[in-house]
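Student: make a model of this:
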Amino acid sequence: MSAPPWMGMPPAGGPYGGPPVQVHPTAVQYPPAPPQPPKPPPSQPEMQQWTEHKSPDGRPYWYNKVTKQSVWEKPASLKTHAEILKSTCPWKEYTNADTGRKYYFNSQTKKSVWVKPKELEEIDALVSGKRAEPVPNKQAAPTSTPSVQISEPSSQPVPAAAIVSEQALPVASASVDERKEAAGKTYATKEEAKAVFMQLLRDKNVQPIWNWDKTRRVIGKDERYEALKKEGERKQVFNAWKPIRTRELQDEERAKLKMNRTKLQELMVLVDEVSPDTSYRQAAELLRTHEYFKNVRNDRDRQDIFNDVIRQKARDAKESEKKQRRQIEAAVTDILKNHLSDVTQLTPFADALVAVKESEHFKTNPLLENCHDLHIFDAFTEYVKTLEKEYELQVRKENESKRRGLRHAREAFEALLEKLHKENKLTVDSKWKEHYSTIAADDAYEGLLQYCGKDMKVPEITPLDFFKLKIDDLKQAALEEKKTLKSIMREAKYEVTPSTTLKEFHDALCSDARYVKISSDTIRAAVAGFVADAEKRAAERAVDDARRKKRRAKRFLEMLQYDVRKISEGQTWEDVSAIFEKKQDYLDVEDDAERARLYAEFVATDPWKKRSNRSHSPESDGERRDRDRHRHKKRRKEKKDKKDRKDKKKSSHKRRKRDEGRSDDDGASSAEEDPSSADADVLEQKRREILEQLQK
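Tutor: All right, here's what the predicted structure looks like:
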């Protein structure tokens, strides 16, 4: 089910939310609605389509199960004959949400009244079977404004009973026929009887501060007094009506005060003598005899209204002054822009001021009669700012054009270098002096030179800088290709030897797809580097092998010397080899011919003679063990000293390289400082000569 239409109803307290306007029903005449024949009853299925519901605030609405629509107004298929007649009348009945009082609203004239209009009475009479008698069209008696006593405002709220006087409030009372009809009428419900009794209280202008005895003396002679039969019921309705009437009177008083304040404010706005320079006493003396000024009885309220008006007039005067100043500055700017072309952003203000005042347009413009020099200064300042912005914009456009031209020149020169590279004329090892003549003959070189001046306001980069950048790019590309080549060699497990040729290298790696993309210059340079590295490694290996062979031979000789007692003089190597074949020093010398040579060298030193020169006393086993232990200890110490010397040599080598690098830097700096030092010596010599001349 779609949401019911909660919006669109007339306001509960009258057409604009407040109490309904007191308009007599006879003030506007409407022709009586002609009787209409009753419509045939709707069909049963159409009536069953609509269902009645209640909104959250208790208002009824109807929902159509077929069309899925929700409406506030009762559908025509569900209306009775009386409801159909009432729907044709522009007057509708509503109830005030605050007071519970019924009022009537005309949808055509947008007016609301408390008294039931004649048209609705005729429709009710027609429905009940009797025609309502016509009401004579008499002019409604003018109602007077209730007299309200206003005291000075205080911090505590004033009760409603204290602000309403007991003077009679003349209102439009019901006619004699209506009172007779009300007296003899029997009401269907108790609520209807209470409404008639409350209307009696209003018609008799009963005040909320009255007690019941005084009220009964005023309304007791009216026939509507008998609408409620019991005295207790009348008193109860009277007590319930008193706060409602109090609120109504308070609302009326507030509306009147608001209206009086608004009228006084409008009066002060229209009076020219009330200006921001006027004091409140002067304004009060000026307006004290006016009706609007008297209606606002509280002097503090008058002063607040006066202050609001003064502030508003001050704001208006300030805005008017600003507007006039803007107009003057606009006129001066127009003179500077269209009639004084010699005034620029570099013109001093004193010269511009004289030029503006001597201009014919300045003298003939009536708007500039009250123009001050400060106005001209402000206009001149804004005009200069505009000129500076235009100049900066122009300079920015020129610089952008130069940058665009420089970019095109760079692209053309880079294209020239790329062309030389593709023709294999420009390589990693190329020099500027080798290609200068070729590059200088091209138009791209001349096009780039015209953007290298210092007055071009663009970053200065010469053709030589572009050439160096191109060589750096080629070197970086060659380095990447060399890395790719090494990766191919690792995957193919190919190793370059000192005897490897370029053809062998190519045949071994050309099957890889990445190898084809590498330039021939890079391959040639890389192979040369690989072969040089292989030769260097081979030389280092040869040195290491010779050193290792010498070390093994020394240990072999020491082995023979250690076991010399097992060898007899005159024995050959074949005779003694079986003694040493299980020892490690024997196995380290792999070639048996080398062993025989070392044995012959050992025998040539005549080790038996050295042994015979020793003490003839036989050596004990303990002495021999001590001697062997001492020998091993000495050997370990020699190994440790050798290792320390090697580490020390490495550290000294690193220190030497570092010192060489520093010395190179110091040499370069000293070389750079040499000319300055020489100049200093020359200056010192000249200074001495001048001093000698002065002394003479």
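
Student: what's the distance between Ala578 and Gln571?
Tutor: In this view, Ala578 and Gln571 are 11 Å apart by C-beta to C-beta, to the nearest Å. From N, CA and C alone the C-beta is placed, and that goes for glycine too.

Student: sorry, that was for Arg254
Tutor: In this structure, Arg254 and Gln571 are 147 Å apart, going by C-beta to C-beta.

Student: same check, this time on Asp606
Tutor: Distance, Asp606 to Gln571, by C-beta to C-beta: 14 Å.

Student: could you do Trp432 as well?
Tutor: According to C-beta to C-beta, Trp432 and Gln571 sit 78 Å apart.

Student: for Lys102, same thing?
Tutor: Counting by C-beta to C-beta, the gap from Lys102 to Gln571 is 154 Å.

Student: give me the low-pLDDT residue ranges for the stretch 401-550 of the chain?
Tutor: Low-confidence segments of the stretch 401-550 of the chain (pLDDT under 70): 453-460.

Student: just the helices from it, written as ranges.
Tutor: Using DSSP state H, counting those that start in this stretch, the helices of the stretch 401-550 of the chain run over residues 432-440, 443-449, 463-492, 502-509, 513-516, 520-562.

Student: now those helices in TSV, with mean neighbour count and distance to Ala352?
Tutor: Formatted as TSV, those follow (neighbours: other C-beta atoms under 10 Å; distance: least, C-beta to C-beta, whole Å):
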stretch	mean neighbour count	distance to Ala352
helix 432-440	12	53
helix 443-449	16	44
helix 463-492	15	48
helix 502-509	14	82
helix 513-516	12	75
helix 520-562	14	70
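
Student: turn those into a markdown table, including distance to Ala188.
Tutor: Putting those into a markdown table (distance: least, C-beta to C-beta, whole Å) gives the following:
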| stretch | distance to Ala188 |
| --- | --- |
| helix 432-440 | 118 |
| helix 443-449 | 110 |
| helix 463-492 | 108 |
| helix 502-509 | 118 |
| helix 513-516 | 109 |
| helix 520-562 | 117 |
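
Student: out of the ones you listed, which is closest to Met47?
Tutor: Closest of the helices of the stretch 401-550 of the chain to Met47 is helix 513-516, at 90.5 Å (criterion: C-beta to C-beta).

Student: residues contacting that closest one, please?
Tutor: The contact list for helix 513-516, computed with C-beta atoms under 8 Å, 6 or more residues apart in numbering, reads Thr484, Leu485, Ser487, Ile488, Leu509, Cys510.

Student: could these go into JSON lines alongside distance to Ala596?
Tutor: Output for these, formatted as JSON lines (distance: C-beta to C-beta, whole Å):
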{"residue": "Thr484", "distance to Ala596": "53"}
{"residue": "Leu485", "distance to Ala596": "49"}
{"residue": "Ser487", "distance to Ala596": "50"}
{"residue": "Ile488", "distance to Ala596": "49"}
{"residue": "Leu509", "distance to Ala596": "47"}
{"residue": "Cys510", "distance to Ala596": "51"}
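
Student: where along this protein do the strands fall?
Tutor: Shown for the chain, the strands assigned by DSSP state E span residues 50-54, 60-64, 69-71, 91-95, 102-106, 112-113.

Student: which helices and strands does the last one pack with?
Tutor: Taking 3 or more C-beta pairs under 8 Å, 6 or more residues apart in numbering; DSSP states H and E as contact, the helices and strands that strand 112-113 lies on are strand 102-106.

Student: how far is the strand it packs on from where the chain is centred?
Tutor: 55 Å (C-alpha atoms, centre = their mean, to the nearest Å).

Student: now for that strand, which elements pack on it?
Tutor: Going by 3+ C-beta pairs under 8 Å, 6+ apart, strand 102-106 lies up against strand 91-95, strand 112-113.

Student: deepest-packed of the ones you listed, please.
Tutor: Among the helices and strands packed on strand 102-106, the stretch with the highest mean neighbour count (mean count of other C-beta atoms under 10 Å) is strand 112-113, at a mean of 22.

Student: given it, what are its sheet partners and their directions?
Tutor: Strand 112-113 has the following strand partners under DSSP bridges: strand 102-106 (antiparallel).

Student: show me where pLDDT drops low in this protein?
Tutor: Scanning the chain for pLDDT under 70 picks out the ranges 1-46, 56-57, 97-98, 127-185, 453-460, 610-624, 659-684, 686-687, 690-696.

Student: circling back: give me the more crowded residue out of Arg254 and Gln571.
Tutor: Neighbour tally, Arg254 and Gln571, criterion other C-beta atoms under 10 Å: the higher count belongs to Gln571, 13 against 10.
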